[in-house]
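1. no letters, just coordinates:
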């Protein structure tokens with residue numbers, strides 16, 4: 001089942017999935033490999049601006065039993081050159097942190113929609129070179145923005161089409 005790809009389909013019995021579907025950014029699609037397992041889904045982000053424009057980035061989301069007291073587990077499946085995502089798929093996004101010093105971490109009031117919008121924003125306004133997870137990518141950007149852009153474009157051509 002794919003959300004955000006054509007006419008809206010409803011997943012009966014899961015209001016949060018329906019809310020997610022109704023509020024997807026235009027650059028995102030959600031796919032449920034198994035419609036009977038709504039706790040596991042994939043997100044595709046296709047940025048339409050910035051360094052990552054033209055790439056297709058896949059994320060895997062697993063919603064744990066303790067949700068929504070704890071955040072979902074999210075991993076980037078697409079190799080990427082990004083200051084907030086490692087090449088092995090770890091993601092630095094404050095709302096995915098169970099405990100956050102700045103108060104922007106996970107809270108039981110957050111939803112899957114917030115997670116999707118947050119992941120989408122990693123390619124635009126939440127792109128953060130000052131508090132990186134991938135320090136090498138952040139330092140590369142600081143040292144040579146044009147070469148950073150070239151490496152991002154190379155990764156998109158190789159891994160994100």
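-> Ah, there it is. Everything quoted here is computed from the prediction, not taken from an experiment.

2. where does this structure have its least confident helix or strand?
-> strand 2-3 (a mean of 49; mean pLDDT, DSSP states H and E).

3. ok, residues contacting the helix or strand hosting residue 118?
-> When elements are assigned from DSSP states H and E, residue 118 belongs to helix 112-121. The contact list for helix 112-121, computed with Cβ atoms under 8 Å, 6 or more residues apart in numbering, reads 16-17, 19-20, 23-25, 27-28, 30, 43, 45, 47, 59, 61, 63, 71-72, 74, 91, 93, 95-96, 126. Backbone N, C-alpha and C define where each C-beta goes, glycine included.

4. how far off centre is stretch 63-81?
-> Offset of stretch 63-81 from its chain centre (Cα atoms, centre = their mean, to the nearest Å): 9 Å.

5. repeat for stretch 17-30
-> Distance, stretch centre to chain centre, for stretch 17-30: 12 Å (Cα atoms, centre = their mean).

6. buried ones in it?
-> For stretch 17-30, a neighbour-count test (16 or more other Cβ atoms under 10 Å) marks 17-18, 20-21, 24-25, 27-30 as buried.

7. that one spans what distance, first to last residue?
-> 10 Å (Cα to Cα, to the nearest Å).

8. any idea of the mean pLDDT in stretch 64-81?
-> Predicted confidence along stretch 64-81 averages 94 (mean pLDDT).

9. for that stretch, how far is the first residue from the last?
-> Per Cα to Cα, stretch 64-81 runs 28 Å from first to last residue.

10. got the buried residues for it?
-> Neighbour count says stretch 64-81 has 67-68, 71-72, 74, 76, 78-81 buried, by 16+ other Cβ under 10 Å.

11. same question for stretch 118-136.
-> By neighbour count with 16+ other Cβ under 10 Å, stretch 118-136 contains the buried residues 118-120, 122-124, 126-128, 132-134.

12. tell me the mean pLDDT over that stretch?
-> Averaging pLDDT along stretch 118-136 yields 93.

13. okay, buried residues for the helix or strand where residue 154 lies please.
-> Per DSSP H and E, residue 154 falls inside helix 145-159. Under the neighbour-count criterion of 16+ other Cβ under 10 Å, helix 145-159 has 148, 151-153, 155-156, 159 buried.

14. show me what that helix is packed up against.
-> helix 135-143 (3 or more Cβ pairs under 8 Å, 6 or more residues apart in numbering; DSSP states H and E).
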